[in-house]
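**Student:** dropping a prediction and its sequence here:
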Amino acid sequence: MRMHRRTLLALAVFTGLTAPSMALAADDTVKIGLLATFEGPFTVLGEDGERGAMTAVEEMKGMVAGKKIEIVKGSSDASPDSAVRAARKLVEQDGVKVLVGPLSGDEGIAVKDYAKTQPNVTFINGTSAAQDTTLRNPAENFFRFSTDGAQWMAGLGTYAFKDKGYKKVATVAEDYSFPYTQVFGFMAEFCKAGGHVPSKSWVPIGNKDFSSVIAAIPEDVDAIYVALGGADAVNFLTQYQQGGGTAPLIGGSITVDQTVLTSKGKLKDVLKGTPSAGPTADTNDAPAWKAFVEAYKKQPGAFPSPSLFAHGYYVDMKATLLGLDQVGGDVSDGGKKLRDALSKLSFDTPTGKVSLDKNRNAIADIFLTEVTEGADGNLLNKLVKVVPQVNQTLGIPEDEFMKLGAVNRDNPSCP
Amino acid sequence: MSLLDQPSSSSGLSSGDGMTRGQAWGLVGLLAAAVIAWLVFAVWPDWLNAILISKKAFVSAILNGITLAGLYFLVASGFTLIFGLMRNVNLAHGSLYLLGAYIGYEVTNRTGYWLLGVAAGFAVLAIVGVVMQVFVFRRLEGDDLRQTLVSIGISIVAADLMLAVWAGGTYQITTPEWLDGALTLPVITAVRSNGASVFLTYPLYRVVVLAAAIVIGVGLWLMLHKTRVGMMIRAGVDDRAMLQASGVNVHAVFAIVFAVGAGLAGFAGVVGGSALSVAPGEDVRYLLASLVVVIVGGMGSITGAAIGALLIGLAEQIGLVYFPTYGIVLTFVIMVVTLAVRPQGIMGKAR
Amino acid sequence: MSLAIATDSTTTQRNWLEKLGAGNIILAVALVLYPLVASDFFLTQIGGYSLIFGMLGLSLMLLAGYGGMVSLAQITVAGISAYAIAILGNNNSNILGFGWPWWLAVPFAVLAAALASALIGWISVRTEGIYTIMITLAIATATYYFAQQNYAIFNGHSGYAGIRAPAFWGIGWRDAKPFYYLCLGLAALCYAAVLYGSRSTFGMTLQAIRDNPRRMRALGYHVTAHKVFAWLLSGVIAGLAGVLLVWFNGRVSPGTIGVDAAIDVLIIAVIGGLRHPIGPFLGALVVVLMQTFAIDIVGAERFNTLIGLVFLVIVFVSPDGILGLWGRIKPHLAQESLRPGA
């Protein structure tokens, strides 16, 4: 009897541990994996990304080419390891042939590497914005319809030099790849225009106390370029204000986003007039953008205005669905047709036309903004100008651009 | 004797002779004071500015280091107090800090009174501390390891629940008007071309944090050394069994110590959350800071916590300015060196 | 039936051992045959991954269970060998990558891990038991920060990618089945070594030191040396796990060796049980299954609450983890099975 019980137990355990899930989707559904940060401190961002993706799905009424769209979620904690684990589960266990994600830069590079081992699965980026995901050593089956962190800065360097008249700018940014890319994007133009960057402060990740860093910034700079996100941005700005900082600021894409602008505190005076650039602008009057905001707001828990994560996931999911629509939702050929369709895809998003370059990276419009106080007293990013159709090499010929080298702490440099 | 009479400071250090040593230290002290006074008040020559970036950067780093030390001391003193008496390595101490900060934010935001927020941070966390001690740690008394493991479990659950309630956003606790603004210090950082001196300004709030830390440090010392409860606590640190045997209700003493320790963490949470901001991850940051502070200063010693906090605070800020790349590792280097030279910490007792 | 009799009737030492043997054999056969029924995903993402983290847990169990030293730096030690593989072998991050063959890189990586472990041990055994957990946590964090900031050796926040497991004897060792067997083989080797080692003179001495260091010192044993040697051995196991981990992920970055990962290893070892070397493997299986499938069952958002509560319950109810729970339930099951018709 005992033996019997034990055998049963063992059987139960082993079948539990083996059952390859019934992954093959029924003919009338299309399975799409959605990989974002649903755990850890970035949960809020991941959930907004999901809202963006779902906005795209609902625009198609949940159907593509007559088939029902089934979204399978995968969760990471923003670390590359967990992103790859989640991607593996979606692909190898849940059997998705199309995967949208991930959210952050290093995750993107890791998933791109994984994509190379799964040639029959089509990967479409979420919002990850590292340059090298597509620029160097790209994967044939990884597509990015959202733009990268250097592209986001298009026009800002020139604007700061010419319109604002800043000749010397110090930079403060976190010490990892995404801020390197943003500083690169800003400086590529700013240095070319004739500006100088005498001091770059790279603040280690995890540091929250910026007052000493602020004190060490040379006093003769015309402005300070700040690429810090979330809590770091808030801390920096507070301490800058407390320390009586007077030099005007220039913001990275995540420095002056909604999470920072809406944070409770006394940052208004410091932030007003701060120029920045990114893939979206709060006061975009284009009807397509307004319609998108309305559609986005129908999602449960939506912010007053979609974050750039909602926007990025929307654009990438929308592209995925358009591509699937063109091939009749058929990925039975290992996704070959779908990838051909995606490569050639060019479509209008709420933020203008998007198409892909030969590395499957987006060419899209970038928005130059400035922080202003809205009618209700809230801060928002006012659209200053649209920089049309920015490509990954920022308008610089490719071979010249590649000569600039990979982004790092010291590249570029123009002291 | 003749050797001891040599008036050099080095022999003073190595000798046991009181007079000579006193004189030597006095001389060194005077010299140091003169150098510091010059460093503080005079305008620096260019070569010194070149080495240390700028006088403003250097003096700010020192001041920031000292005020940060104040904050670290507030967090670490509770940790070290709890360990000293109960041998309980409470790895949920960082969670107490973060919870205090969130509570301080909620109360300040709803009532509009910052001081009320600070008081709530202390009071609520003191209660949480007592609850933890009575319902969790008392059950595992004498089992150091399980107590520590339980505190890890609590910190995991607490971090996740706080993430659920307050999401991943950044909160700033609004400080009242009278704490805003900057102090002008009598420190000349530069002289303008028209001859006017530029004085260093420093945020008033940070000075207040430091003052609060000093007041609380002195208060703790007085409590430990001048009150009956303090006497019991000190006795308990030295020999718990004996204290119990002499008829003292040790559980009451434990509960008081836990309340004070956890309350201080909550207090520090509100104060620190007002200086910087409140966000997920701060719990681990302050837990690690307190760990390093008490390992360096010596477990169970309030004075040690103060010394450790000062060392770590200064190292962190100076590192951030002068070698940002490895500045964050510097504090850990100090820890490892301390462990190698003096395993029980600077003020710790060998056990 | 015969097995039931063996368990239930007499409980002499000999019979107990026999039963243990039977259990082990069943387990071994099941593990070897597992690839026949499992999908590739279950083989590597569940099977291989559990075995790797089981080995990490085992390296901690060796220290904690036999030596009374609870370390939070096991993932750091594994990380050192993982980084060593990336640096000595090949990677596609364009930094370092000496291109050594695997048979040269692996021993060096494991050696580096073992030495690092011994060093961490030497630093932390200078103080009293409970300090170890704090000191190792601080060391783990320091290594994490250092790896994140250093580009010359660790390639900073991005770390190394494109690390491939070797292919030899015509087998690609990162393919599902070979990789599973590789993990299983190494895990079984480490498991047997720990089991054997615990009964050796050294193992006995270590356990005696755990129970009464003062007496052992008085008896003339070099307490510190024994402890540091235990760290060295544990470093070998963690180092091997690190090699498998970097082959498994194909990459290593500071996130791999962060505080969360350090605490995961502790959770695994404690949930499984620190009394017997099989515990960490059980714990790893439970945690990996929960981690992988939580999103389908309860949603990923509150996964940490779930795992934290399980951890708390285990620490409270059964200090010996799942093994301890099993030990308590077993007698009840035995009772039941004696009843007719059960």
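**Tutor:** Looks like it arrived, so ask away.
**Student:** not counting sequence-adjacent ones, nearest residue to A:A286?
**Tutor:** A:P350 (7.2 Å; C-beta to C-beta, 6 or more residues apart in numbering or on different chains). Glycine gets a C-beta too; all of them are placed from N, C-alpha and C.
**Student:** residues contacting the one you found?
**Tutor:** Applying C-beta atoms under 8 Å, 6 or more residues apart in numbering or on different chains, one finds that A:P350 lies in contact with A:N284, A:A286, A:A288, A:W289, A:A291, A:F292, A:V293, A:H311, A:Y314.
**Student:** now A:F367
**Tutor:** A:F367 touches A:A277, A:G278, A:P279, A:T280, A:A281, A:N284, A:T351, A:L383, A:K385, A:V386, A:V387, counting by C-beta under 8 Å, 6+ apart.
**Student:** mind giving me the ChimeraX command for buried ones among these?
**Tutor:** Buried subset of the contacts of A:F367, written as a ChimeraX selection, criterion 16 or more other C-beta atoms under 10 Å in any protein chain shown:
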select /A:277,278,279,280,281,284,351,383,386,387
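**Student:** related to what we said a few turns ago, now, of the contacts of A:P350, which are buried?
**Tutor:** Using 16+ other C-beta under 10 Å, the buried ones in the contacts of A:P350 are A:N284, A:W289, A:F292, A:V293, A:H311, A:Y314.
**Student:** what number of residues lie near the residue of the stretch 101-250 of chain C found nearest chain A?
**Tutor:** Across the stretch 101-250 of chain C, the shortest distance to chain A (C-beta to the nearest C-beta) belongs to C:H157, at 3.7 Å. Counted by other C-beta atoms under 10 Å in any protein chain shown, the residues lying close to C:H157 total 24.
**Student:** what's the closest non-adjacent residue to it?
**Tutor:** Counting by C-beta to C-beta, 6+ apart, A:Y176 is the residue found nearest to C:H157 once chain neighbours are left out, at 3.7 Å.
**Student:** of the contacts of A:P350, closest to C:A140?
**Tutor:** Distance to C:A140, by C-beta to C-beta, is smallest for A:H311 among the contacts of A:P350, at 37.6 Å.
**Student:** what separation do you get for the closest one and C:V259?
**Tutor:** Using C-beta to C-beta, to the nearest Å, A:H311 is found at 32 Å from C:V259.
**Student:** next one: A:K31
**Tutor:** Remark: distance between A:K31 and C:V259 (C-beta to C-beta) = 35 Å.
**Student:** what residues does chain B have near chain C?
**Tutor:** Within chain B, the residues that sit near chain C (C-beta under 8 Å from any C-beta of the partner chain) are B:87, B:89, B:91, B:139, B:144-146, B:148-150, B:152-154, B:156-157, B:159-161, B:164, B:284, B:288, B:291-292, B:295, B:299, B:325-326, B:328-329, B:332-333, B:335-336, B:339-340, B:343-344, B:351.
**Student:** ranges for the helices of the stretch 151-300 of chain C?
**Tutor:** Assigned by DSSP state H, counting those that start in this stretch, the stretch 151-300 of chain C shows helices spanning C:176-199, C:201-211, C:213-218, C:223-249, C:259-272, C:278-297.
**Student:** same list (those) but as a markdown table, adding distance to C:R126, mean pLDDT and mean neighbour count.
**Tutor:** Formatted as a markdown table, the helices of the stretch 151-300 of chain C follow (distance: least, C-beta to C-beta, whole Å; pLDDT from 0 to 100; neighbours: other C-beta atoms under 10 Å in any protein chain shown):
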| stretch | distance to C:R126 | mean pLDDT | mean neighbour count |
| --- | --- | --- | --- |
| helix C:176-199 | 24 | 90 | 18 |
| helix C:201-211 | 15 | 89 | 17 |
| helix C:213-218 | 13 | 88 | 13 |
| helix C:223-249 | 8 | 93 | 25 |
| helix C:259-272 | 21 | 89 | 25 |
| helix C:278-297 | 26 | 84 | 21 |
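**Student:** distance to chain A for the ones you listed - can I get that in TSV?
**Tutor:** Below are those laid out as TSV (distance: least, C-beta to the nearest C-beta, whole Å):
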stretch	distance to chain A
helix C:176-199	9
helix C:201-211	30
helix C:213-218	37
helix C:223-249	6
helix C:259-272	8
helix C:278-297	5
